[in-house]
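>>> sequence first, predicted coordinates after that:
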Amino acid sequence: MRTVTYLGTVVLLSQIVLAQGCGSNAPATTGGAGGAAVMGGAAAMGGATTTPSLGGAVAAGGSAVTTTPAGTGGATTPVTTPGAGGSTGSTTYQPLCAGLTTAAGAAPTKGGLCVAADPQLCYKTCGPASSGFKSETCTGGAYVEQSGCSFPSGVDYSCYKIPATIDPACSATPPQASSTCSYTPCTLCNVAGGYLDSSGAPKTGWCVCPASTTGASKWSCASNTAWPCPQGMGCS
């Protein structure tokens, strides 16, 4: 009886050893917290993520991968980056009409004739101290001049701020454009709201006497439609 019992125990132990010997030695493919991701598969919760294979998804807790869509048919978002020499927001007012010549041998000017071979657009200076610009555009065979005067942005025009009353130092005689003057720079003068242009014709506007480093100062005048801050507005 003892012999039979002993033989039964030996057989049972042999079966257990045999079953363990046939088990798999491969590591588990489903990692717990902190487990490694399977190549090409999804990363386990909280596990370290490797570069996912094509089409592989990153599970919750893994690091997101930033990609730049460049595939065929992928949507693209236009980016407007100003290139070198691009506009900074202010018109360049180029080219200047001075120095340009039309087929007729004259510089582009208001009412002057023009053809296709002539400059189609250029600018003249205007305003006090030539601080502004006005365009001359070839239209219908003649140059059409811009009405008024345009002034570049980002410039300090405080010297031209129109005072509430004319400085008492100003003469009772209307100032004449391009004639000599000896007033403090940035002193605006006119008489009864007007001045004389270089030809002596009366105009409505103001004159200033800018400092000169090359000789006597001369009146620089402009009409109210060619002043950088009309009626006192726009100058700090």
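Looks like it arrived, so ask away.

>>> all contacts plus neighbour counts: C-alpha atoms, from now on.
OK.

>>> the chain: strands as residue ranges?
In the chain, the strands defined using DSSP state E lie at 121-126, 132-139, 142-145, 194-196, 202-208, 220-223.

>>> now render these as CSV, adding mean pLDDT, mean neighbour count and distance to V155.
Shown next, in CSV, are the strands of the chain (pLDDT from 0 to 100; neighbours: other Cα atoms under 10 Å; distance: least, Cα to Cα, whole Å):
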stretch, mean pLDDT, mean neighbour count, distance to V155
strand 121-126, 96, 21, 15
strand 132-139, 96, 22, 11
strand 142-145, 97, 20, 24
strand 194-196, 97, 23, 25
strand 202-208, 95, 22, 17
strand 220-223, 95, 26, 18
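
>>> show the model's pLDDT score for I162.
Looking at I162, its pLDDT reads 89.

>>> number of nearby residues for K218?
21 (other Cα atoms under 10 Å).

>>> now do K124 against A172, distance only.
Distance, K124 to A172, using Cα to Cα, to the nearest Å: 32 Å.

>>> what's the closest of the strands of the chain to Y183?
Among those, strand 202-208 comes nearest to Y183, with 8.2 Å by Cα to Cα.

>>> what's the nearest residue to Q120 once chain neighbours are set aside in contact with, if anything?
Closest residue to Q120 apart from its sequence neighbours, by Cα to Cα, 6 or more residues apart in numbering: C138 at 4.9 Å. Counting by Cα atoms under 8 Å, 6 or more residues apart in numbering, C138 touches C114, V115, P119, Q120, L121, V144.

>>> you'd agree the second one is up against G141?
Yes - under the criterion of Cα atoms under 8 Å, V115 makes contact with G141 at 5.8 Å.

>>> when those two are compared, which one has more neighbours?
Shown here are V115 and G141; by other Cα under 10 Å, V115 has more neighbours (16 against 13).

>>> against A211, how distant is that one?
From V115 to A211 the distance is 41 Å (Cα to Cα).

>>> then T92?
26 Å.

>>> one more: S135?
28 Å.

>>> got it, and S223?
Per Cα to Cα, S223 is found 20 Å from A211.

>>> before we move on, what about A226?
If you go by Cα to Cα, the gap between A226 and A211 works out to 21 Å.
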